[in-house]
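1. A structural model of the following input is requested.
(4 chains)
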Number of protein chains: 2
Amino acid sequence: MSGPSVDRMPYAMRRTLSALVHDIARLRRKLLDAALRPVGITRAQRWMLIMLSQYGEQGVSQVELAQAMQVGAVSLGEKLGLLETQGYVVRVRSASDRRRNKVRLSDAGYRALHDSTALTQAFNRQAMMGLTDQELAMVERALAVIHANLTRMNMAASE
Amino acid sequence: MSGPSVDRMPYAMRRTLSALVHDIARLRRKLLDAALRPVGITRAQRWMLIMLSQYGEQGVSQVELAQAMQVGAVSLGEKLGLLETQGYVVRVRSASDRRRNKVRLSDAGYRALHDSTALTQAFNRQAMMGLTDQELAMVERALAVIHANLTRMNMAASE
DNA sequence: AGCAATTAATACGGTACCATATTAAATGTC
DNA sequence: GACATTTAATATGGTACCGTATTAATTGCT
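-> Numbering: from 1, shown residues only, chains lettered A, B, ... in the order given. Presented below is the predicted three-dimensional model:
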């Protein structure tokens, strides 16, 4: 009879590697999106434009693009909808398979891609300030390992 | 007369450090949230529970907590609303300043924190597999630099 | 050819963030 | 004490993700 059975100690909250990754992603999204405002696209949209630029005139289907970006088909469709509304991408029903959309960049899309590049690079320089190229390369390699681990876990989770 | 004035070349799309950070954050959120499902909280909620555990019985105001977490007051309020609905936190109007809420963990909150810890640690071990402690320490230091840069930029942006 | 299974995209609903606008309470100034 | 200012929290609306359910079209099997 007596006190509660729960442990009420404060938990350790060192800024771990994982917490740093989430925090950096969050801050970077916020700040870079603000920096890209003049161009009219966000960081995530820029990423999609970059991917789309790989496929040129003939375009890609949404499923194929989603796989290449390791992103859910729903997220992709939503973002494409926005980009289409804004005029940066074009979606056309494929004639050979009328379930598919052929997605490609418009001229405005290529222009937004071009216009956002310098801003992004300048932003990255500021964000990476104080680290040598060697350090950055090492971090990139380590993160690639973590990314590969997570990708494997992700595959395993979806069978 | 003539062709369009836009450059239609495909853009380089090496998995850069920045892209890796965003991707790791996204995958980690997805997979860890799934792993934590049995406990009933998400990774972001766990983070908030950890922070709340620092303040003990007397609790914190939302503004103070938002500053400590470097998160917007709105996001914080929303997540607190969810956690309160689920019974993990308690919000009480402060008597001395009736604008303020005093927020603290409930017993269920402490329990969820406890229950989610082992799962999170196991998850992290899997995600970091293949990297030595030295490498991880080095990555953590480098990410801390980037985080500090972004934090500074964020301060500057809000004057 | 006919029907079942698969596939591409979308609808719907949810979490995690953000900025800006609003409301209510406190504070500072006269 | 009265009124303008500041502050704490919330309302509103937007982007970026997710999972599951649905719809329409194709493919595969018989």
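
2. for the residue nearest the centre of chain A, helix, strand, or coil?
-> The centroid of chain A falls nearest to A:Ala44 when counting by Cα atoms, centre = their mean (4.9 Å). With DSSP: H, G, I helix; E, B strand; the rest coil as the basis, the three-state label of A:Ala44 is helix.

3. My guess is it contacts A:Lys79. True?
-> Yes. Applying Cβ atoms under 8 Å, one finds A:Ala44 in contact with A:Lys79, separated by 6.7 Å. Bear in mind the C-beta positions are built from the backbone N, C-alpha and C, glycine included.

4. For the nearest residue to A:Ala112 once chain neighbours are set aside, I want the exact helix or strand it lies within.
-> What sits nearest to A:Ala112 in space, not counting adjacent residues and going by Cβ to Cβ, 6 or more residues apart in numbering or on different chains, is A:Ile41, at 5.1 Å. A:Ile41 is located outside every helix and strand, with elements delineated by DSSP states H and E.

5. Next one: A:Ile41 from chain B, what distance?
-> According to Cβ to the nearest Cβ, to the nearest Å, A:Ile41 stands 13 Å off from chain B.

6. residues in contact with that residue?
-> By Cβ atoms under 8 Å, 6 or more residues apart in numbering or on different chains, the contact list for A:Ile41 reads A:Leu49, A:Leu83, A:Gln86, A:Tyr88, A:Ala112, A:Ser116.

7. right, and out of those residues, which lies closest to A:Leu20?
-> When these are ranked by distance to A:Leu20 (Cβ to Cβ), A:Ser116 comes first, at 25.6 Å.

8. residues near that closest one, how many?
-> A count of neighbours around A:Ser116, defined by other Cβ atoms under 10 Å in any protein chain shown, yields 24.

9. ok, now which ones touch it?
-> When the contact criterion is Cβ under 8 Å, 6+ apart, the partners of A:Ser116 are A:Leu36, A:Val39, A:Ile41, A:Arg46.

10. didn't the first one look like it was pressed against A:Thr42?
-> Yes. A contact is recorded between A:Leu36 and A:Thr42 when judged using Cβ under 8 Å, the distance being 6.3 Å.

11. Need the phi and psi values for A:Val92.
-> phi -130, psi 140 (degrees, to the nearest 10).

12. Can you give me the separation between it and A:Ser106?
-> Per Cβ to Cβ, to the nearest Å, A:Val92 is found 12 Å from A:Ser106.

13. ok, now A:Gly40?
-> A:Gly40 sits 13 Å away from A:Ser106, taking Cβ to Cβ as the criterion.

14. likewise A:Asp97?
-> The gap separating A:Asp97 from A:Ser106 is 22 Å, by Cβ to Cβ.

15. circling back: kindly give a single ChimeraX line that selects the buried subset of the contacts of A:Ile41.
-> This is the ChimeraX syntax for the buried subset of the contacts of A:Ile41, where burial follows 16 or more other Cβ atoms under 10 Å in any protein chain shown:
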select /A:49,83,88,112,116
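
16. how about the contacts of A:Ile41 in TSV, adding distance to B:Ala144, secondary structure and pLDDT?
-> What follows is the contacts of A:Ile41, written out as TSV (distance: Cβ to Cβ, whole Å; DSSP: H, G, I helix; E, B strand; the rest coil; pLDDT from 0 to 100):
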residue	distance to B:Ala144	secondary structure	pLDDT
A:Leu49	31	helix	96
A:Leu83	35	helix	96
A:Gln86	37	coil	94
A:Tyr88	36	coil	96
A:Ala112	33	helix	96
A:Ser116	28	helix	96
